[in-house]
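*Asks:* could you work out the structure for the sequence below:
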Amino acid sequence: MRIAMIGTGYVGLVSGACLSDFGHTVTCVDKAEEKIAALKRGVMPIFEPGLADLVESNVRAGRLTFTTDLAAGVEDADAVFIAVGTPSRRGDGHADLSYVFAAAKEIAEHITKPCVIVTKSTVPVGTGDEVERIVREVGATAWVVSNPEFLREGAAIEDFKRPDRIVVGTEDEEAVAVMREVYRPLSLNQAPLMFTGRRTAEIIKYAANAFLATKITFINEIADLCEAVGGDVKDVSRGIGLDNRIGSKFLHAGPGYGGSCFPKDTLALLKTAQDNDVPLRVVESVVQVNEARKRAMGRKVIKALGGDARGKVVGILGLTFKPNTDDMRDAPSLALIQALQDAGAIVKAYDPEGLEQARPLLSNVEFGTEPYQVAEGADALVIVTEWDAFRALDLKRIASVLKTPILVDLRNIYPPEQVERAGLSYWSIGRR
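*Replies:* Have a look, this model is predicted:
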């Protein structure tokens, strides 16, 4: 099939590369000339394991191309995917759909035959209706479909090629036939292809992210209870996660969720609910608790320092919101570092992939080149992101270079007894 992907951000680039790897001919379109020029040279705008090799192989095979010319990109396309950004709108928290609507209008003006226009961007319920109105107003013939993405940063290629499910929102038989053909290569993996109404598909995406955010926030509050009464949150997580009705995923206590999806999508879901006079009290609480937790982690570090951080040096390991990505959007490290600086601490930090993205967001932070450099002379070392590189630190070496042997592990990646044997005072989440 001939497929156009409008937008080369995280979703668009990963989706375009994977679809071309299925054997489709894919043209990725973006207005950012520098980004397209870099992609043509093989330079990726994001860090995602395996993405650069996947793009290179499909470009070499002639199945994947990049352009700034939307008209050329959508010419003769069987399906055109909209994968542009939908950031939170400044002032009210609603999803900013201006890029989606602008893309829809331009697509409709340039398609040369009836095709399927697929909304891949995360959009509030009813967006597909407006896209369809725009297309009809232009006078184009196209079927508008919702096809939300469920990609985890750091594992996006695996998620696309071996998905738990593929949700397609349409009730048009012609669109169903096209979408079946788009995802036909996944039939060998027996990936469930779920067809539903367009509005239902839009709700599924937001509901899924809100539920996962709720699981994270729930176990974080249980971790606080464990600390207060002497329990172990890791055992609690395992104990409840073994229940098939609950499941073990997203039950890892930590400094709160961040990233490009959960903060933005929970807020957008709340705004949609408010507009329709439907209170979502659980989701409201999740958003409030998560925001408070990030700065609470700063207070936890200050407590480990004896209650006074003024003039003390704190080393931070991990800045991105999760490992295997360079994404700094709403990363817990941002609020944590701000809380420490507000308390007078001096901050040093290191991240394997996120330093370039972090520099514009953090002021008065000394950036290191490896973990032991950040630990050198610090009054405490804090693990914020669970990169593999931090899972096998030489703890005795860490203890020897720290000014004060304090390790604050906000991801619970070490057994307490192992850390203590290395001569470190160990602070973790939800454990004694």
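*Asks:* give me the below-cutoff pLDDT ranges for the stretch 51-200 of the chain.
*Replies:* Applying pLDDT under 70 to the stretch 51-200 of the chain flags no residue at all.
*Asks:* likewise the stretch 301-432 of the chain?
*Replies:* Along the stretch 301-432 of the chain, no part satisfies pLDDT under 70.
*Asks:* ok, T170 to M179 distance?
*Replies:* To M179, T170 is 7 Å away according to C-beta to C-beta, to the nearest Å. Just so you know, the C-beta spots here come from the backbone N, C-alpha and C atoms, and that holds for glycine as well.
*Asks:* where exactly do the strands run in the chain?
*Replies:* Ranges of strands in the chain, per DSSP state E, are 2-6, 25-29, 64-67, 79-82, 115-119, 142-146, 166-169, 193-196, 313-317, 346-350, 365-367, 380-383, 406-409, 425-427.
*Asks:* next one: the biggest helix by length in the chain to chain centre, how far?
*Replies:* If you go by DSSP state H, the chain has its longest helix at helix 198-229. What separates the centre of helix 198-229 from the centre of its chain is 15 Å, taken as C-alpha atoms, centre = their mean, to the nearest Å.
*Asks:* rebuild the strands of the chain as TSV, extending it with mean neighbour count and distance to A399.
*Replies:* As requested, the strands of the chain are arranged in TSV below (neighbours: other C-beta atoms under 10 Å; distance: least, C-beta to C-beta, whole Å):
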stretch	mean neighbour count	distance to A399
strand 2-6	26	50
strand 25-29	25	49
strand 64-67	20	49
strand 79-82	28	51
strand 115-119	27	53
strand 142-146	25	53
strand 166-169	22	49
strand 193-196	16	52
strand 313-317	28	13
strand 346-350	22	17
strand 365-367	17	21
strand 380-383	28	10
strand 406-409	24	8
strand 425-427	19	9
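*Asks:* I'd like those as CSV, with distance to A104 appended.
*Replies:* Shown next, in CSV, are the strands of the chain (distance: least, C-beta to C-beta, whole Å):
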stretch, distance to A104
strand 2-6, 9
strand 25-29, 13
strand 64-67, 19
strand 79-82, 7
strand 115-119, 7
strand 142-146, 8
strand 166-169, 15
strand 193-196, 21
strand 313-317, 42
strand 346-350, 41
strand 365-367, 41
strand 380-383, 44
strand 406-409, 47
strand 425-427, 51
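*Asks:* got the residue ranges for the helices in the stretch 1-150 of the chain?
*Replies:* For the stretch 1-150 of the chain, helices defined by DSSP state H, counting those that start in this stretch occupy the ranges 10-21, 33-40, 51-60, 70-74, 98-110, 127-138.
*Asks:* the stretch 201-350 of the chain now?
*Replies:* So, for the stretch 201-350 of the chain - with DSSP H, counting those that start in this stretch - the helices run 233-241, 262-275, 281-304, 332-342.
*Asks:* picking up where we left off before, which secondary structure elements does the longest helix of the chain contact?
*Replies:* Helices and strands touching helix 198-229, as assessed by 3 or more C-beta pairs under 8 Å, 6 or more residues apart in numbering; DSSP states H and E, comprise helix 127-138, strand 142-146, strand 166-169, helix 233-241, helix 262-275, helix 281-304.
*Asks:* one more time with 10 Å, if that's ok
*Replies:* Counting contacts by 3 or more C-beta pairs under 10 Å, 6 or more residues apart in numbering; DSSP states H and E, helix 198-229 is packed against strand 115-119, helix 127-138, strand 142-146, strand 166-169, strand 193-196, helix 233-241, helix 262-275, helix 281-304.
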